[in-house]
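Asker: build the 3D model from these lines:
(3 chains)
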Amino acid sequence: MSYGFYSIYKKLRKHFGFQNWWPAKTKFEIVVGAILTQQTSWKNVEKAIENLRKSGLLNENKLRKASIKEIEKAIKNVNFYKTKAKRLKEIVKNLNRIRKEKEERRIKESLLKLDGIGYETAEALMLYYFGFLDFVIDAYTIRIFERIFERKFKRNELKKLIEEEIPKDLELYKDFHAQLVELGKRYCKKEPKCEECPLRKICKFGKNKTL
DNA sequence: ACCCAGGTGGCCC
DNA sequence: GGGCCACATGGG
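Answerer: Modelled structure (predicted):
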């Protein structure tokens, strides 16, 4: 018995096209972006990253040495910017050490210990920065599949089900998450737009609206 | 004046 | 484990 996650991916991919995530000019931007985008639109994250670049703070050594105030100033347009400025500095301070870890498990554990890195951000870094097969579960992912399958999922339960079912391919993992975010943003918010959703034929939520 | 964005941590039970 | 709250900008 399977949920058909892979076939859902193929439908999304056909509809939206390849998403080419993570958008970043340098690898370090993935780390910065992962923190900044928490509860913040990507548009504002892009602006903040450009501000950091202009301020010369968009590299590890500079950011490590920068004052909290300097960082705050550059990222002031993102939500929770004070908290994030503090956390960014702390994370950058530990990045070197974490990169030296050999085992995937150790890397993830180290990430999760850092202030500001929870499950989703850790997964995003494992996948898009370190390149491990770690599927990213965000709020959209849970909502989308709960509506399609008309049942509740615990996040780690859903993660396991997806990882057991889809091919173990890095580009697939990356693009699947990106596709789910795209679907979520356009059609699967709390107030859904099922009429035009590319998955309307396999998702009964538009009719029942039980979740 | 709402509501929410590619969440996290702290505190309570 | 789950439920609620603070964090605290910008866009619809």
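Asker: so residue A:175 touches residue A:19, yeah?
Answerer: Yes. Counting by Cβ atoms under 8 Å, residue A:19 is a contact partner of residue A:175 at 5.6 Å. Backbone N, C-alpha and C define where each C-beta goes, glycine included.
Asker: sec struct for the residue nearest to residue A:195 when sequence neighbours are not counted, please.
Answerer: Excluding the flanking residues, the one nearest residue A:195 by Cβ to Cβ, 6 or more residues apart in numbering is residue A:206, at 7.1 Å. In three-state terms, and counting by DSSP: H, G, I helix; E, B strand; the rest coil, residue A:206 is helix.
Asker: and the closest residue to DNA strand C within chain A, what is it in contact with?
Answerer: Proximity of chain A to DNA strand C (Cβ to the nearest atom of the strand) peaks at residue A:82, 2.7 Å away. Contact analysis of residue A:82 by Cβ atoms under 8 Å, 6 or more residues apart in numbering lists residue A:72.
Asker: so for the helix or strand that it is a member of, what's the average pLDDT?
Answerer: Using DSSP states H and E, residue A:82 sits within helix A:81-99. For helix A:81-99, mean pLDDT rounds to 97.
Asker: do the same with stretch A:120-134
Answerer: 98.
Asker: and what of stretch A:155-173?
Answerer: Computed over stretch A:155-173, the average pLDDT equals 97.
Asker: pull out the buried residues from that stretch.
Answerer: Residues of stretch A:155-173 classed as buried by neighbour count (16 or more other Cβ atoms under 10 Å): A:158-159, A:161-162, A:166, A:172-173.
Asker: contact partners of that stretch?
Answerer: By Cβ under 8 Å, 6+ apart, stretch A:155-173 touches A:2-3, A:5-6, A:9, A:119, A:127, A:131, A:133-137, A:141-142, A:145, A:153, A:176.
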